[in-house]
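Engineer: Provided below for reference: sequence and predicted model.
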Amino acid sequence: MTDNAIDVSFVMTVYNKAYYLPSVLKALFNQTGLNNPEFIFVDDCSTDNSVEIIRQASQGISNVTIVENDHNRGISARINQGIALAKGTWCRMLDSDDIFPLDSTSKMLELANKVHADMVYGCFTKTGKKPQELEKCKLEDYTYTYNSNALMGVLTGRFTRMGQLIKTSVLQKSGGADERAFIQDESIPLRAAVYANGIAKMSANVVLVPEEIGNFSGNKIQLDHDRFMAYYWMIKDNTQLSEKNMHLMYMRALSAYWKFTKKTNKNPYKNSIFYRYLWCKVTNCQPDIEYLDKLYKIFSARKDVRRIKA
């Protein structure tokens, strides 16, 4: 890597997060131990002064790109817009209310190089604290696990929130987030892992979540919908994957629909999904595409979930 090469591309989606941004940006611009990072902000038509806060905070900072759009599309579409622009060897994505410990990126890079992994994940914690209280935090001591099979690592672990560092070439080859799901958290690690050589998981909290003032996680049906869609399309799009991969993805798709059924059905245990999910947990059953298509149509008919706009 040459001295002026970009080592890490930070990609942030932005929508009406003016309350969080001053502290988020302080922690982001003060990440330690990096050679030459770039910062890509993709705004999804914020109606507050989020973009102006970014402009002011980024004055004097090198390699800053601010993308303003003329219509609202949604999180998955906007994160992909930023990923496509990334020039760094590595890419680290974040929501505009995520605060990174100051040394978290350099520690993740260090681990990636140590174990030769294309993906590094950490944990996140909901702190309940004001954003200003988290601006100067550093990473706690940590242990890690490594799996040379990145997809198996994702399918047998927990990878949520935007706590990942991924080789940019891998991320771009995968297509980033699946835009058939509104929220990107579940689809990004799945799709990237198909092309990645190895994944490492840190026990440390690499994302600190301040006190929450409204977010999509409040809509639990949206989460069930997007989780199902991530696995449904992974199964449909990747028929070359192993039976073990297919079984685990099928079980997770059924799990998402079972959670949805418990929220929306007065007698969920009389629904066939309960027995099918149990059967999947104790056998190595393979995806029943016809059954998944049926669940897909039910989810697609829901009027209470958001979808990516054209």
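Structural biologist: Ah, there it is.
Engineer: What average pLDDT does stretch 137-147 get?
Structural biologist: Confidence over stretch 137-147, taken as the mean pLDDT, stands at 96.
Engineer: From the chain's centroid, how far away is that stretch?
Structural biologist: Counting by C-alpha atoms, centre = their mean, to the nearest Å, stretch 137-147 is centred 19 Å from the centre of its parent chain.
Engineer: Give me the contacts around that stretch.
Structural biologist: With contact meaning C-beta atoms under 8 Å, 6 or more residues apart in numbering, stretch 137-147 is reached by 27, 99, 101-104, 107, 111, 115, 117, 122, 153, 156, 198-206, 208. Every C-beta, even on glycine, is put in place using the N, C-alpha and C of the backbone.
Engineer: what do you get for stretch 294-307?
Structural biologist: Surrounding stretch 294-307, the residues in contact under the criterion C-beta under 8 Å, 6+ apart are 74, 182, 216, 219, 221-222, 225-226, 228-229, 232, 253, 257, 260, 273.
Engineer: Pull out the buried residues from the contacts of stretch 137-147.
Structural biologist: Neighbour-count burial (16 or more other C-beta atoms under 10 Å) is assigned, among those, to 27, 99, 101-104, 107, 111, 115, 117, 122, 153, 198-202, 204-206, 208.
Engineer: Among those residues, which lie within strands?
Structural biologist: 122, 199, 200, 201, 202, 204, 205, 206, 208 (DSSP state E).
Engineer: In JSON lines: these, plus distance to residue 249 and pLDDT.
Structural biologist: Listed next are those as JSON lines, based on distance: C-beta to C-beta, whole Å; pLDDT from 0 to 100:
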{"residue": "122", "distance to residue 249": "23", "pLDDT": "94"}
{"residue": "199", "distance to residue 249": "16", "pLDDT": "97"}
{"residue": "200", "distance to residue 249": "22", "pLDDT": "97"}
{"residue": "201", "distance to residue 249": "19", "pLDDT": "95"}
{"residue": "202", "distance to residue 249": "24", "pLDDT": "95"}
{"residue": "204", "distance to residue 249": "28", "pLDDT": "95"}
{"residue": "205", "distance to residue 249": "27", "pLDDT": "95"}
{"residue": "206", "distance to residue 249": "25", "pLDDT": "96"}
{"residue": "208", "distance to residue 249": "30", "pLDDT": "95"}
